[in-house]
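A.B. asks: Fold the following.
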Amino acid sequence: MLHTVMCVPLAAVRILLLEDSDMDALLIEEELRRAEVRYSLRRAQTRAEFEAALCEFHPQIVFADYMLPIFDGAAALSLMQSDYPEIPVIIISGAVGEETAVELLKAGATDFILKSRLFRLEPALRRALREVAEHVALAEAQAALSSCNMDLEKRVLDRTLELSHKNAIMEDDLKMAHELQVALLPSRFPTIPRGCPPEKSAVRICSHYRSTHLVGGDCFNVLQVSDSALSVLIFDVMGHGVRAALVTAMLRALEEQLGEKAEDPALLLSEMNRALCHIFKGTDDVVFASACCLTVDVERGTVTFANAGHPTPFLVHHALNSVEPLRSLAKDRGPALGIFEEATYANHTQALATDDIILLFTDGLFEVENDKEELFNESLLLETVAHHTDLEPERLLHAVVADVERFTGGNAFSDDVCVVGVHIAHLPCNAA
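C.D. replies: Numbering: from 1, shown residues only. Take a look at the predicted model:
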């Protein structure tokens with residue numbers, strides 16, 4: 001028979017029995033003993049006895065007779081669902097319709113057993129207690145999960161606060177690095193003759209600089225090499241951000257260290273290249289920078305320049321409203337700094353006229369695309385400059401940058417941008 005199947009023995013179960021019939025109560029206990037259920041039982045016949053047993057006996061399960069004259073199984077079920085929903089209730093009745101049984105189960109009864117089929121009591125009891133145990137285990141698991149989630153949330157919050165603090169420190173460091181890098185860019189320029197007011201200088205400098213990050217890899221500097229000559233160096237370090245900015249600072253330091261060689265652009269680039277290659281010789285990283293160095297000598301009326309893989313500067317003839325690249329042989333354009341330690345660079349010299357403007361720039365100015373993925377190349381940049389040759393140097397720089405921005409449709413530049421204008425305000429009468 002089904003009720004004789006081997007089952008795990010139950011621990012002693014506290015059972016509250018709502019039953020007014022002594023005979024039926026004995027039959028129920030007899031069935032429990034026959035099924036070898038370990039139990040302690042408290043019987044109640046009235047509502048008062050039932051409620052007292054709930055408070056004092058703390059039952060684990062309730063057996064309730066449906067057919068009682070005053071306080072029956074339905075009333076007991078309603079009370080349990082209201083005040084003790086965690087305790088299972090099994091309704092026991094002599095005879096009741098199927099419709100009533102269904103309604104009782106819908107109302108929250110765990111099971112419904114006819115008194116003529118009490119052999120179902122022990123498996124129903126087991127199932128009810130198992131469901132309670134499962135609910136308790138589920139609740140404990142949910143509580144443990146909730147506790148874990150709370151702990152995880154706290155750890156995530158703590159980690160987020162820690163990262164936020166570190167990010168704030170990093171942001172402060174980057175802001176300081178930005179301020180230091182901006183400080184590396186010259187704001188006051190040497191004059192010719194030496195010490196004269198800027199507005200009377202024979203050579204006047206203007207510039208435009210912007211970085212795509214707080215710190216960038218573009219930089220320039222102007223040095224006085226004699227009473228009649230200035231040296232201008234512009235360079236663009238590979239990459240962006242802190243790494244590029246660090247190399248930028250190193251190149252500026254190298255230039256300051258080698259400043260006495262600035263009168264000879266090719267020599268200065270060669271020395272800087274050897275130094276940069278030596279510094280990064282023991283690293284696995286490839287670090288290089290394009291650079292262009294030129295020396296303007298107003299006494300001779302010439303510009304001498306050397307190029308290390310950098311975009312060729314433009315020479316604007318303001319008086320003639322024309323523009324051309326500084327002339328040089330393509331094969332004499334040397335490699336970028338930091339690639340070949342024994343690389344050599346060649347000087348090129350070109351005559352200047354009063355009111356000429358030399359434009360030096362990094363590739364961030366023209367290597368941009370619009371929404372149609374059309375590239376703004378060096379040829380388009382030359383055409384753009386040609387449209388503004390009648391403007392004064394500083395206005396010329398801003399007009400060119402504005403035209404490039406219009407080409408992109410207002411999109412931000414994807415690379416750092418540095419533009420330097422060298423205006424030959426006047427030349428001595430005896431200049432070549």
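A.B. asks: what's the helix or strand for the residue lying closest to residue 384 once chain neighbours are set aside?
C.D. replies: If the residues on either side of it in the chain are set aside, residue 384 comes closest to residue 403, at 4.8 Å by C-beta to C-beta, 6 or more residues apart in numbering. Backbone N, C-alpha and C define where each C-beta goes, glycine included. Per DSSP states H and E: residue 403 is located in helix 393-407.
A.B. asks: So which other helices or strands are in contact with that helix?
C.D. replies: With contacts taken as 3 or more C-beta pairs under 8 Å, 6 or more residues apart in numbering; DSSP states H and E, helix 393-407 sits against strand 203-210, strand 356-361, helix 378-386, strand 417-424.
A.B. asks: CSV please, covering those and showing mean pLDDT and distance to residue 131.
C.D. replies: Shown next, in CSV, are those (pLDDT from 0 to 100; distance: least, C-beta to C-beta, whole Å):
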stretch, mean pLDDT, distance to residue 131
strand 203-210, 93, 70
strand 356-361, 97, 79
helix 378-386, 94, 79
strand 417-424, 95, 72
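A.B. asks: Check residue 144 and give its pLDDT.
C.D. replies: We have a pLDDT of 87 for residue 144.
A.B. asks: tell me the angle of the helix or strand in which it is found relative to strand 203-210?
C.D. replies: Take DSSP H and E as the rule and residue 144 turns out to sit in helix 121-184. Counting by axes from the mean of the first three to the mean of the last three C-alpha atoms, to 10 degrees, helix 121-184 lies at 180 degrees to strand 203-210.
A.B. asks: Helix 121-184 packs against which elements?
C.D. replies: If you count contacts as 3+ C-beta pairs under 8 Å, 6+ apart, helix 121-184 packs onto helix 22-34, strand 61-65, strand 89-93, strand 111-114, strand 218-226, helix 241-257.
A.B. asks: can you give me how far it is from the chain middle?
C.D. replies: Centroid separation between helix 121-184 and its chain, computed with C-alpha atoms, centre = their mean, to the nearest Å, is 20 Å.
A.B. asks: same thing with stretch 30-49?
C.D. replies: With C-alpha atoms, centre = their mean, you get 66 Å for stretch 30-49.
A.B. asks: again, but for stretch 410-422
C.D. replies: 26 Å.
A.B. asks: Tabulate the CA atom coordinates of that stretch in CSV.
C.D. replies: Provided in CSV are the C-alpha atoms of stretch 410-422 (Å, rounded to 0.1, in the frame of the first residue of the first chain):
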residue,chain,number,x,y,z
GLY,A,410,31.6,71.6,-36.2
ASN,A,411,33.0,68.2,-35.2
ALA,A,412,35.9,68.4,-32.7
PHE,A,413,39.4,68.0,-34.0
SER,A,414,40.5,64.4,-33.5
ASP,A,415,44.2,65.3,-32.9
ASP,A,416,46.1,68.1,-31.2
VAL,A,417,46.5,71.3,-33.2
CYS,A,418,49.4,73.7,-33.1
VAL,A,419,49.8,76.5,-35.6
VAL,A,420,52.6,79.1,-35.5
GLY,A,421,52.8,82.3,-37.6
VAL,A,422,56.2,83.9,-38.2
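A.B. asks: buried ones in that stretch?
C.D. replies: Across stretch 410-422, burial judged by 16 or more other C-beta atoms under 10 Å covers 413, 415, 416, 417, 418, 419, 420, 421, 422.
A.B. asks: and what of stretch 73-84?
C.D. replies: Residues 73, 74, 75, 76, 77, 79, 80 are the ones in stretch 73-84 that count as buried (16+ other C-beta under 10 Å).
A.B. asks: Pull the contacting residues for the last one.
C.D. replies: Applying C-beta atoms under 8 Å, 6 or more residues apart in numbering to residue 80 gives the contacts 62, 87, 89, 108.
A.B. asks: does it count as helix, strand or coil?
C.D. replies: Under the three-state scheme (DSSP: H, G, I helix; E, B strand; the rest coil), residue 80 adopts helix.
A.B. asks: The fourth one too?
C.D. replies: Residue 76 falls in the helix class when you classify it by three-state DSSP.
A.B. asks: what's the closest non-adjacent residue to it?
C.D. replies: Nearest to residue 76 is residue 64, by C-beta to C-beta, 6+ apart, at 4.3 Å.
A.B. asks: count of residues packed around that neighbour?
C.D. replies: Close neighbours of residue 64, defined as other C-beta atoms under 10 Å, add up to 27.
A.B. asks: before we move on, what about the one 4 residues further on?
C.D. replies: Close neighbours of residue 68, defined as other C-beta under 10 Å, add up to 19.
A.B. asks: what about it, which SS state?
C.D. replies: Here residue 68 is coil, with the state taken from three-state DSSP.
A.B. asks: That one contacts residue 18, doesn't it?
C.D. replies: Yes. If you go by C-beta atoms under 8 Å, residue 68 and residue 18 touch, sitting 7.1 Å apart.
A.B. asks: remind me which residues of the stretch 51-200 of the chain are low pLDDT?
C.D. replies: 173-174, 176-181 (pLDDT under 70).
A.B. asks: swap that for the stretch 251-400 of the chain, sorry
C.D. replies: For the stretch 251-400 of the chain (pLDDT under 70), the answer is 328-332.
A.B. asks: Where do the strands of it begin and end?
C.D. replies: Assigned by DSSP state E, counting those that start in this stretch, the stretch 251-400 of the chain shows strands spanning 289-297, 302-308, 314-317, 322-325, 348-351, 356-361, 368-369, 375-376.
A.B. asks: Which neighbouring elements make contact with the first one?
C.D. replies: The criterion is 3+ C-beta pairs under 8 Å, 6+ apart, and the helices and strands that strand 289-297 contacts are strand 229-237, helix 241-257, helix 265-279, strand 302-308, strand 356-361, strand 417-424.
A.B. asks: ok now the last one, how far from the chain's centre?
C.D. replies: I take that to be strand 417-424. 36 Å.
A.B. asks: Which strands border that strand, and is each parallel or antiparallel?
C.D. replies: strand 203-210 (antiparallel), strand 356-361 (antiparallel) (DSSP bridges).
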